[in-house]
Structure formats: structure tokens, C-alpha cells
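**Student:** I'd like to go over a predicted model; first the sequence, then the structure.
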Amino acid sequence: MKSLSESNSAKQFPRHHRIRSNSTSTHLNGLNDGQASQFFFYHDSSATLEVPPVSKSHKRSSFIQITEMIWPNSQLTNEIAAYATNTVNKPETTPVTASKLHPRNVKLIVCLGDSLLAGLCLTKHPETIKNKMISGLTKLGVSPWVAWLVSGEHRQNTCISGGASGIISIGRLIKHYSPQLEGLCDHKTALLSTGSGFNFARSGSTVSDLLRQSQLLLSKLQTPQYTSLQDEWKFIAIWIGANDIFLKSIQYIESNFKQSLLTAIQFLKSSFHRAYVCILTTPDLSSARPGLNSKQQQRTRTKTDLVNRILKHAVDEYNWNTDEFRVVLITVPEGNVEVVDYAGFIGLDNAHPNVVAHQLICKAFWSNLFDSGSDQVKNFEQIKNEPWFQPTESDFFK
């Protein structure tokens, strides 16, 4: 397979067709121990984007400026769209199965989970006066509930089903191959809403809420407007576990998390055919709550490792997969992000990931959809260096 460019990164990662064009991209300055590093993002080549030098006294504001750089008419999506025309509406020569599923086969994208997929505080515009005030209050120690209530849930900006202009999401990438795709979110919702469209994620949810969200999905597909989607391939993303880590004890997680997860997956399998279920791992959350001491941070890491082991076991050790149903685990990259750097990836509430983080997660998720096991992108350094993956007609989901 050939890359669209012959960059060093493409040579280091030869397993994919990838897109990386220096003439149509901007290198954004990040910080690593006070040194400039490069984050690779795509934008409209006709636009002029300037990133001020990063000084030690303005590390957080520089990242906020990066968050402002959303990319309408993105060169990335334009190139994928041009390439995808060769696969759109291509007649299938063999039966489509879950092990040979291509983006062109997917007709519905669904989100189940918590505030990470509900897009809590996930604004594209952190530099507005209102959002600066929200962020300032949070940094002064005001309860994050203020940010959550005022900012709300920006489902249109999420990495999985976000449909807002300039946002690159898994759903928008799939839609280039499958123009009839349903499920992209275009709207913001209030805190604790029960969802919008086919994004049923709800802020505050724990793993025990997955079953109810799955039931809501079934009910929606039984309405006359959507019954035709019952026989189509459905892409279901599940991101759950963060609130279990923060709210539950290790003993509770050990005793209850796995069974609740298995119950939800079994419901999906018994209720839907032609479903491809992606379960995302939980990243290190030890820095997501300011003020935690070293002991509390270590306890958070321990619970995160436990949740991820349970997720992996639930996917690997049970016989879920058939020709019309498949469950896979998608690794959410993580790494040793310093406190200064971490500030560039969090939102107005000083806890949830911001748009920059969601775009990085989208990039890794898209690549990992087509990789299995040890080939998956697992750390931030790989995300920065790895070009975007461009599937051919013979590249299938893992």
C-alpha cells in the first residue's frame, strides 16, 4: 500500500494509506517540559493561521488559541472525500459480514456512555467573554457544576458523532464513504439531558446506565421513522467508566462493573443484528481533578487500570462475534502528560477534554479501527507523528 505522501512518518507507519500534506497543514506549537513540540492538524489551505510563540507565562492561553483553530472545509476531509468516491455505492461482490465491514457499509452511528461522549463543556470557542468567565471561576475554585450548567453538552463537537462545521469526527469520516449515514449530532443539549439524535450518552452515567441507554436505542429504532435502519449496519461506540472510577470504590468496581457491562452487551446482541460495537478504554484520569494528592492520584490510576482490564476481558473472553455482530476494544491513547501540557487538553471545567483532545482521540480512533492488538496507536507521541489513515476499498474494520 502506498501513502499519499512520502513523509518520514508514513515510512515509519507503512501499514496504512495515510494523508499528510505539509502544504495544507499547520504545525501547532505545544509544550513538553518547556520546549516547543509540534501537533499536526489540518486546515483550509486558503486560510492564514498564525500561532504566537509560547512563553512559560502563557502556556494555557496558547493552548486556548489552538482550540480556536477549527478547520472549515478541512483539507483532510476533502482529500478523503475525493478518495472515497471510488468506494461509495460500490456493488458488494461478497456478503458483508462483521469481520469484513467497510465504512461504506455503515448506515447509522450511535453513542452510549457518559459526559465524555455527551460533550460536556466541549465548546469550540473558549475565548468568548462568557467562556473566559466560566474558566476563570473554575480556576478560582468555584464548583465545576457552574461550568457544567452554563456551558452544557456540546454533542455536535464530539470525536465520535460530532457533526458541527470544522469538526472531524468518526461519523463525518464514515459519511464520506456512506453518504446516507444517520446519527451525526448537530445540536447542543443541556446538562443531564437524555441525549440528542442517536447520541444517548448522558453526563454522570456509570456502567449500570448502559442497559437503559441501549433500551432507548431499541425504542427509537422501533419508531416508524427509523425502522428501515434495523436491517442496516450500525456502528455503536461505548465510552464508559470515568464516573465509576471517581464515584465507586475498588471493591464495588470489582464486584459490579463487569456484570453491568456484560448485561448491556448481551442486550445489544440479542436486540440488534448488523451491529459493530466499539468499546473505548479509559485514559489516565489522575490529573482530571485538581487538588488530588499523590495518594489519591495513585488510587485513581489503580481504578483506571482495573476498569480497563475488565473492559478488555469482557471483549476478549466472551464469544460475542458472529457474522452480524462484533465487539472490539479501541485503545484511547495516553501518556505521561505533564501538568503544564495537560492544561492544553482540558475544557472550561478544568476536568473534561476539550476540542483539541477530542480531535487527537478521533485521529487515533480512526487509525485503531483498522488495526488490531499491538498495532494500535497507544500514546500521544504516535498520534502527533502518525498521518491520518485513508482506507482503500479493501481495508476493513478490525
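**Tutor:** Cool, the structure landed.
**Student:** a helix runs through A237, doesn't it?
**Tutor:** No - per DSSP: H, G, I helix; E, B strand; the rest coil, A237 lies outside any helix segment and is strand.
**Student:** if I read this right, it contacts L268, doesn't it?
**Tutor:** No - counting by Cβ atoms under 8 Å, A237 stays clear of L268, with 11.9 Å between them. All C-beta spots, glycine's among them, are computed from the backbone N, C-alpha and C.
**Student:** quick one: stretch 229-249 to chain centroid distance?
**Tutor:** Its chain's C-alpha centre lies 12 Å from the corresponding centre of stretch 229-249 when counted by Cα atoms, centre = their mean, to the nearest Å.
**Student:** That stretch: which residues count as buried?
**Tutor:** Buried residues in stretch 229-249, counted by 16 or more other Cβ atoms under 10 Å: 229, 232-245, 248.
**Student:** need the strands for the protein, in chain order.
**Tutor:** Remark: strands assigned in the chain by DSSP state E are 18-19, 25-32, 35-42, 106-113, 233-239, 275-280, 325-330, 388-389.
**Student:** now the fourth one against strand 275-280, angle please.
**Tutor:** Following axes from the mean of the first three to the mean of the last three Cα atoms, to 10 degrees, one obtains 40 degrees for the angle between strand 106-113 and strand 275-280.
**Student:** Give the rounded mean pLDDT of strand 106-113.
**Tutor:** The pLDDT scores in strand 106-113 average 98.
**Student:** what angle sits between that strand and strand 233-239?
**Tutor:** Using the same axes, to 10 degrees, the direction of strand 106-113 lies 20 degrees away from that of strand 233-239.
**Student:** Could I have the CA atoms of strand 106-113 written out in PDB?
**Tutor:** What follows is strand 106-113, C-alpha atoms only, in PDB (Å, rounded to 0.1, in the frame of the first residue of the first chain):
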ATOM      1  CA  VAL A 106     -22.400   1.600   7.900                       C
ATOM      2  CA  LYS A 107     -25.700   3.500   7.800                       C
ATOM      3  CA  LEU A 108     -26.100   4.500  11.500                       C
ATOM      4  CA  ILE A 109     -23.600   5.800  14.100                       C
ATOM      5  CA  VAL A 110     -24.700   5.500  17.800                       C
ATOM      6  CA  CYS A 111     -23.100   6.800  21.100                       C
ATOM      7  CA  LEU A 112     -23.600   5.300  24.500                       C
ATOM      8  CA  GLY A 113     -21.800   6.400  27.600                       C
END
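**Student:** I134 touches L149, doesn't it?
**Tutor:** No - at 9.7 Å, I134 does not count as touching L149 under the criterion of Cβ under 8 Å.
**Student:** Tell me who's in contact with the nearest residue to A264 once chain neighbours are set aside.
**Tutor:** Closest residue to A264 apart from its sequence neighbours, by Cβ to Cβ, 6 or more residues apart in numbering: L210 at 3.7 Å. Neighbour list for L210: 112-113, 238, 240, 260-261, 263-264 [criterion: Cβ atoms under 8 Å, 6 or more residues apart in numbering].
**Student:** which of the residues you listed sit farthest apart?
**Tutor:** G113 and T263 (15.5 Å; Cβ to Cβ).
**Student:** Of these two, which one has the most company?
**Tutor:** Shown here are G113 and T263; by other Cβ atoms under 10 Å, G113 has more neighbours (28 against 15).
**Student:** pretty sure the more buried one is touching D244, no?
**Tutor:** No - in this structure, G113 is not within contact of D244 by Cβ under 8 Å, at 11.5 Å.
**Student:** State the pLDDT value of T94.
**Tutor:** The predicted local confidence for T94 is 69.
**Student:** what stretches of this protein score poorly on pLDDT?
**Tutor:** Of all residues in the chain, those with pLDDT under 70 make up the ranges 1-94, 290, 335-344, 372-375, 378, 380-381, 384.
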